[in-house]
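*Asks:* return atomic coordinates for the entry below.
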Amino acid sequence: QVQLVESGGGLVQAGDSLTLSCAASGQNFANYRMAWFRQAPGQDRDFVAFITANGVSTHYGDVSKGRFTISRDIAKNTVYLQMKSLYPEDTSVYYCAAGLLGDGTVLRGYSYWGQGTQVTVSS
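*Replies:* Here you go, the predicted model:
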């Protein structure tokens, strides 16, 4: 079992930066691939980025558009999402997820999810 708690969301202005955190607890965090997804009201949950268990490799979805950076601190059991040059269309609930197997860019690739943190970008 892995428990995930996101934090760092809030209200920002267009062009601002924001860093989200995901604190993990439970067993064998270092074994899990970690990811961020986001979901706007009435929309599907979209893949943002994932980082491999060892932190060596990352992969980004189209929504990141080169503005987001995922990282992890294994010693702190924490995953981060640095977001720069935010646009109003980045407004979403951002979810952290942990998974072991399968396609890391889709929802079914993850077994554990956090409750989400709201990011609102005003124009």
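*Asks:* so what's the residue nearest to the spatial centre of the chain up against?
*Replies:* What sits nearest the mean C-alpha location of the chain, by CA atoms, centre = their mean, is residue 36, with 2.1 Å. Contacts for residue 36 (CB atoms under 8 Å, 6 or more residues apart in numbering) come out as 20, 22, 48-50, 68, 70, 79, 81, 94-97. The C-beta positions use only the backbone N, C-alpha and C, and glycine is treated the same way.
*Asks:* and it, which helix or strand is it part of?
*Replies:* Assigned by DSSP states H and E, residue 36 belongs to strand 33-39.
*Asks:* now the element after that strand, going C-ward?
*Replies:* Once strand 33-39 ends, the next helix or strand along the chain (criterion: DSSP H and E) is strand 45-51.
*Asks:* what's the angle from the strand holding residue 36 to strand 45-51?
*Replies:* On the basis of axes from the mean of the first three to the mean of the last three CA atoms, to 10 degrees, strand 33-39 is oriented at 150 degrees to strand 45-51.
*Asks:* ok, and for strand 33-39, which residues are buried?
*Replies:* Of the residues in strand 33-39, those buried by neighbour count under the rule 16 or more other CB atoms under 10 Å are 33-38.
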